[in-house]
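*Asks:* Please find the sequence and the predicted model below.
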Amino acid sequence: MKKTTAWILTLVFATNLSCTAALNTANALGLTQAEFLEELHDQRDWVEGELSRRQLELEDARGFRDQLEANYNASRVRVDSLESLVEALDGQLSSSERQLAQLTPRTR
């Protein structure tokens with residue numbers, strides 16, 4: 001995009017310059033209406049392409065986030081299972097220690 005068109009677009013968005021005023025400004029700066037409109041179409045196409053690219057990046061990021069969350073949840077389930085197993089083994093160990101203490105003769 002020509003710097004002139006970029007400057008005019010900046011004015012349009014910054015000051016709510018009307019389309020007619022934007023065209024008049026373009027004409028005053030040496031652009032024909034056709035050149036100015038062509039530049040606007042090129043700019044629109046670029047913006048649409050950039051928007052599509054960023055939407056794809058956002059979808060990729062969301063997919064990555066969802067995968068991380070799924071991995072975390074699966075890991076959390078495994079950790080919870082391991083904690084339950086440790087508690088069960090601890091209970092069995094305590095029970096075995098009590099049984100062993102009962103079977104071991106006491107010396108005086």
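*Replies:* Ah, there it is.
*Asks:* Mind giving me the packing neighbours of the helix ranked longest in the chain?
*Replies:* If you go by DSSP state H, the chain has its longest helix at helix 33-103. Secondary-structure packing of helix 33-103 (3 or more C-beta pairs under 8 Å, 6 or more residues apart in numbering; DSSP states H and E): helix 3-15, helix 19-28. All C-beta spots, glycine's among them, are computed from the backbone N, C-alpha and C.
*Asks:* out of those helices, nearest to Asp66?
*Replies:* Smallest distance to Asp66 across these (C-beta to C-beta): 35.8 Å, for helix 3-15.
*Asks:* how close does the residue sitting nearest the centre point of the chain get to Ala101?
*Replies:* In the chain, the C-alpha nearest the mean C-alpha coordinate belongs to Ala61, at 4.0 Å (C-alpha atoms, centre = their mean). According to C-beta to C-beta, to the nearest Å, Ala61 stands 59 Å off from Ala101.
*Asks:* Give the rounded mean pLDDT of the longest helix of the chain.
*Replies:* When pLDDT is averaged over helix 33-103, the result is 92.
*Asks:* what angle separates that helix from helix 19-28?
*Replies:* Between the axes of helix 33-103 and helix 19-28, defined by axes from the mean of the first three to the mean of the last three C-alpha atoms, to 10 degrees, the angle is 120 degrees.
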